[in-house]
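J.: I'd like to go over a predicted model; first the sequence, then the structure.
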Amino acid sequence: MIQSEKEIQRRVRTILEKNKTIPLQTLLDQVYDDLRKVACVQKKDVETILKKILRDNEILISPRLFNNEVLENIERKAILACLIQHPRFNLEELSHFLGIPKNKLAWHLTFLQKFQYIRLVSRKRGKIYSPTNKAMGGDPDESA
């Protein structure tokens, strides 16, 4: 198997910087073609590592992939702004307040969590969302 997942991840990011909306099979083909020029590699091994990278959320397959692009979406900006003003909302409250259906809201909240703009906290009244220090403009490594 290929020695480094980081090498595949680097190649995936390079490809996605050029073409953000790429089918997964095309991405696999391009990464494999790129790697086999420099190493003896099996396509199945590349596919296995690519699936692991996706499963571990090291990359997200989406038109908006990178951290600096997460907040380009107007609904995510609105969600984050709402949570900064009301840092203890649950999914139901956010949905009602913003007028965004819960399934669509959950999708956007997933992105905001994955890129550490918000965190999900369990409380007596259920799970609530709070902005992180990163969302507040502070050090992303410190708790808000």
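T.: Great, that's in hand.
J.: Is the residue of the chain positioned farthest from its centre in a helix, a strand, or coil?
T.: Relative to the mean C-alpha coordinate of the chain, counting by C-alpha atoms, centre = their mean, the farthest residue is residue 40 (31.0 Å). Put simply, residue 40 is coil when judged by DSSP: H, G, I helix; E, B strand; the rest coil.
J.: so how far is residue 133 from it?
T.: Computed as C-beta to C-beta, to the nearest Å, the residue 40 to residue 133 distance reads 46 Å. Glycine gets a C-beta too; all of them are placed from N, C-alpha and C.
J.: could you pull out the helices for this structure?
T.: For the chain, helices defined by DSSP state H occupy the ranges 5-18, 24-36, 43-55, 74-85, 91-98, 102-114.
J.: List the buried residues in the fifth one.
T.: The one in question is helix 91-98. Buried residues in helix 91-98, counting neighbours by 16 or more other C-beta atoms under 10 Å, are found at 91, 93, 94, 95, 98.
J.: do the first one as well
T.: By neighbour count with 16+ other C-beta under 10 Å, helix 5-18 contains the buried residues 7, 8, 9, 11, 12, 15, 16.
J.: got the angle for that helix vs helix 43-55?
T.: Comparing the axes of helix 5-18 and helix 43-55 via axes from the mean of the first three to the mean of the last three C-alpha atoms, to 10 degrees yields an angle of 80 degrees.
J.: Next one: residue 96 from residue 133, what distance?
T.: For residue 96, the distance to residue 133 (C-beta to C-beta) stands at 27 Å.
J.: isn't residue 73 right next to residue 108, touching?
T.: Yes: in this structure, residue 73 is within contact of residue 108 by C-beta atoms under 8 Å, at 7.1 Å.
J.: Show me how the record splits this protein into domains.
T.: Using automatic domain parsing, the domain parsing of the chain gives 5-55, 67-131.
J.: Looking at strand pairing, list the partners for the closest residue in space to residue 88 that isn't next to it in sequence.
T.: Of all residues not flanking residue 88 in the chain, residue 128 sits nearest, at 5.0 Å (C-beta to C-beta, 6 or more residues apart in numbering). In this entry, residue 128 is beta-bridged to residue 121, by DSSP bridges.
J.: Great, nothing more from me.
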